[in-house]
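Colleague: Quick one, what's the 3D model for this:
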Amino acid sequence: MALLPETARQVDLLVARAQSEGRGPSLALGVVRDGDLAHVALAGEQPRPDADLQYRIGSISKTMTAVLVLQQRDAGRLDLDDPLDRHLPGTPVGALTVRQLLGHASGLQREPDGQWWERTAGSDLATLLAGLTPAKIAHPPHRVYHYSNLAYGLLGGVLERLTGTPWADLLRERLFEPLGMRRTTYHPTEPYARGYVVHPWHDTLREEPRTDTGAMAPAGQLWSTVEDLARWAAFLADPAPDLLAPATLTEMCAPVVISDLDAWTGGHGLGVELYRVGDRVYVGHGGSMPGYVAGLAVHRPTRTAVVDFANSYGLRGHHIVGLAREVLTRVLDAEPAVPAPWRPAGAPPAADLLELTGRWWWMGNEYEFRVDPAGDLLGGLVGNPQLRFTPEAPDRWRGRSGSQDGEILTVIRDEAGRAVALDIATFVFTRTPDQEP
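Modeller: I've put the predicted structure just below:
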């Protein structure tokens with residue numbers, strides 16, 4: 001569904017301003033809604049951008065590497081708490097776990113040895129592993145958030161050792177081809193935007209190298225377009241279950257570490273960055289390589305996302321992921337999701353379910369429970385039904401939301417078989433406030 005004209009105008013203005021003030025040769029941005037590219041905003045002329053023009057996406061590549069790792073976990077081929085030594089034996093950092101590497105909680109040094117890897121030809125995995133020393137651990141694991149490109153080079157090595165397939169081939173076979181991402185590639189393919197550094201004093205452009213980063217490729221090698229990265233954003237909002245279980249993606253979006261301990265506005269999950277903007281939490285990632293910056297921000301509850309690219313090493317006074325978040329917030333504020341319509345139930349629930357509905361009391365607080373059309377039991381403080389329970393067996397229900405997620409609700413019956421109490425993880429709810437639990 002396309003944006004409303006006024007919303008589109010505001011988005012176009014934000015993009016034009018970022019390109020002009022940031023002195024970006026070109027800037028391209030896409031808004032995704034319900035799985036489709038709803039709006040494209042373009043600015044600049046070096047080159048003139050469009051939705052099929054490739055830019056380098058840098059560390060957004062990490063989100064794809066992480067999904068490959070979780071696919072292997074779901075297939076039973078690794079555990080997130082496996083030590084690295086189980087898959088890449090013999091390194092001096094082998095006690096670090098897959099989970100810690102994914103979430104930038106390993107304390108591993110940010111970069112590999114040698115020259116700046118983003119601007120030089122990469123080495124193979126054996127060379128990367130040979131450069132590891134105990135000194136590569138800059139902090140004790142899980143002590144602090146410490147971003148590590150090196151960690152993702154190692155995760156790429158884990159994937160290749162597990163599958164016997166190069167990382168780039170895994171991406172193509174298990175993500176890009178199924179998702180129709182035909183223009184997301186390891187090397188640039190025409191048409192693509194050349195990447196530049198803009199001189200600070202006289203606005204001239206210096207073209208940057210387009211390197212093959214070798215074993216570090218899983219940290220930031222890839223190229224993509226507005227159209228293709230929009231498909232990836234839609235996947236991160238609502239994954240295709242045959243590629244990744246929705247519950248696994250939700251697991252990836254849970255915080256492993258908070259990266260901003262002062263304000264708690266940022267964190268990192270399993271391969272995705274987390275951003276708090278007001279009362280909303282977005283997931284996504286930023287990316288930079290010499291001559292390029294890219295951004296991805298997704299609001300999963302509304303299946304709305306923004307992707308953006310520029311072909312300069314930064315935008316003066318602007319931040320590419322900050323722009324994505326600003327546009328995403330503007331769209332969500334201007335065009336909030338329409339609630340699903342209420343529809344009456346076809347028939348009353350069965351008698352044994354009906355008797356669980358109504359008012360219950362716990363510790364002097366009044367709760368209410370009702371049945372939804374799917375047959376689940378919804379409950380919570382009166383007027384605030386935040387709890388959902390699904391049936392597992394007679395008189396046994398499993399919590400699926402809120403503070404009781406995963407917990408068991410057991411129906412307690414008297415000698416006559418009447419439901420007289422609800423035991424929710426040892427908290428007993430009764431029909432009257434003065435009834436003994």
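
Colleague: Quick one: the helices in the chain, in order.
Modeller: 5-22, 61-74, 98-102, 125-130, 149-163, 167-171, 177-179, 226-237, 246-252, 320-334, 351-354 (DSSP state H).

Colleague: Select, out of the ones you listed, the one closest to Gly30.
Modeller: helix 226-237 (4.1 Å; C-beta to C-beta). To be clear about C-beta, it is placed using only N, CA and C from the backbone, and glycine gets the same treatment.

Colleague: For the helices of the chain, give me CSV that also has distance to Val283, mean neighbour count and mean pLDDT.
Modeller: Below are those laid out as CSV (distance: least, C-beta to C-beta, whole Å; neighbours: other C-beta atoms under 10 Å; pLDDT from 0 to 100):
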stretch, distance to Val283, mean neighbour count, mean pLDDT
helix 5-22, 20, 17, 98
helix 61-74, 9, 23, 98
helix 98-102, 14, 24, 97
helix 125-130, 28, 16, 92
helix 149-163, 17, 23, 97
helix 167-171, 20, 21, 97
helix 177-179, 17, 14, 98
helix 226-237, 6, 24, 98
helix 246-252, 8, 16, 97
helix 320-334, 11, 21, 98
helix 351-354, 36, 12, 88
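
Colleague: Of those helices, which is nearest Tyr292?
Modeller: helix 320-334 (9.3 Å).

Colleague: which strands and helices sit next to that closest one?
Modeller: Secondary-structure packing of helix 320-334 (3 or more C-beta pairs under 8 Å, 6 or more residues apart in numbering; DSSP states H and E): helix 5-22, strand 26-33, strand 273-277, strand 280-289, strand 292-299, strand 304-310.

Colleague: Take the helices of the chain and lay them out in a markdown table including distance to Ala345.
Modeller: Output for the helices of the chain, formatted as a markdown table (distance: least, C-beta to C-beta, whole Å):
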| stretch | distance to Ala345 |
| --- | --- |
| helix 5-22 | 36 |
| helix 61-74 | 35 |
| helix 98-102 | 43 |
| helix 125-130 | 58 |
| helix 149-163 | 48 |
| helix 167-171 | 46 |
| helix 177-179 | 37 |
| helix 226-237 | 30 |
| helix 246-252 | 26 |
| helix 320-334 | 31 |
| helix 351-354 | 11 |
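
Colleague: How about the contacts made by the nearest residue to Leu296 once chain neighbours are set aside?
Modeller: Distance criterion C-beta to C-beta, 6 or more residues apart in numbering; nearest residue to Leu296, sequence neighbours excluded, is Gly284 at 4.0 Å. With contact set as C-beta atoms under 8 Å, 6 or more residues apart in numbering, Gly284 has these partners: 63, 233, 236, 272-273, 275, 295-298, 305, 321, 324.

Colleague: likewise Pro239?
Modeller: Ala245, Pro246, Thr248, Leu249.

Colleague: Do you know the pLDDT at the closest residue to the last one other than its chain neighbours?
Modeller: Think Leu249. Computed as C-beta to C-beta, 6+ apart, the closest residue to Leu249 that is not its neighbour in sequence is Pro239, at 4.9 Å. Looking at Pro239, its pLDDT is 97.

Colleague: ok, back up a step: for the residue nearest to Leu296, list each beta-bridge partner.
Modeller: Beta bridges link Gly284 to Glu273, Ala297, judged by DSSP bridges.

Colleague: From Met252, how far off is it?
Modeller: 12 Å (C-beta to C-beta, to the nearest Å).

Colleague: which neighbours do those two share?
Modeller: Val272.

Colleague: quick one: stretch 280-299 to chain centroid distance?
Modeller: 10 Å (C-alpha atoms, centre = their mean, to the nearest Å).

Colleague: Can you list the buried residues in that stretch?
Modeller: 281-299 (16 or more other C-beta atoms under 10 Å).

Colleague: next one: stretch 381-390
Modeller: So for stretch 381-390, counting by 16+ other C-beta under 10 Å, buried means Pro385, Leu387, Arg388, Phe389.

Colleague: re the thing from before, so for Val197, which of the helices of the chain sits nearest?
Modeller: helix 5-22 (13.1 Å).

Colleague: Distance from the chain centre to the closest one, please.
Modeller: For helix 5-22 - counting by C-alpha atoms, centre = their mean - the centre lies 25 Å from the chain centre.

Colleague: packing partners for that helix?
Modeller: strand 26-33, strand 36-44, strand 304-310, helix 320-334.

Colleague: neighbouring contacts of stretch 404-421?
Modeller: So stretch 404-421 is contacted by 352, 355-356, 377, 387, 389, 392, 395-399, 422-425, 428-431, 435, 437 (C-beta under 8 Å, 6+ apart).

Colleague: again, only using 10 Å
Modeller: 352-356, 360, 362, 369, 377, 379-380, 386-400, 422-431, 435-437 (C-beta atoms under 10 Å, 6 or more residues apart in numbering).

Colleague: Could you tell me the end-to-end distance of it?
Modeller: End-to-end span of stretch 404-421 (C-alpha to C-alpha, to the nearest Å): 17 Å.

Colleague: Give me the buried positions along that stretch.
Modeller: In stretch 404-421, counting by 16+ other C-beta under 10 Å, buried: Gln404, Glu407, Leu409, Thr410, Val411, Ala419, Ala421.

Colleague: Output those in CSV; the columns should cover pLDDT.
Modeller: Listed next are the buried residues of stretch 404-421 as CSV, based on pLDDT from 0 to 100:
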residue, pLDDT
Gln404, 91
Glu407, 96
Leu409, 96
Thr410, 96
Val411, 96
Ala419, 94
Ala421, 95
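
Colleague: Just send those back as CSV, with distance to Glu21 too.
Modeller: CSV is the format used below for the buried residues of stretch 404-421 (distance: C-beta to C-beta, whole Å):
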residue, distance to Glu21
Gln404, 49
Glu407, 51
Leu409, 56
Thr410, 61
Val411, 62
Ala419, 65
Ala421, 64
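
Colleague: Tell me the one among the contacts of Gly284 nearest to Arg110.
Modeller: Using C-beta to C-beta, the contacts of Gly284 come closest to Arg110 at Glu273, 15.5 Å.

Colleague: returning to that earlier point: of all the helices of the chain, which lies closest to Gly195?
Modeller: Short answer: helix 320-334, nearest of these by C-beta to C-beta, at 13.0 Å.

Colleague: by how many degrees do the closest one and strand 36-44 diverge?
Modeller: Taking axes from the mean of the first three to the mean of the last three C-alpha atoms, to 10 degrees, one finds helix 320-334 and strand 36-44 inclined to each other by 130 degrees.

Colleague: next one: helix 320-334 to chain centre, how far?
Modeller: 16 Å.
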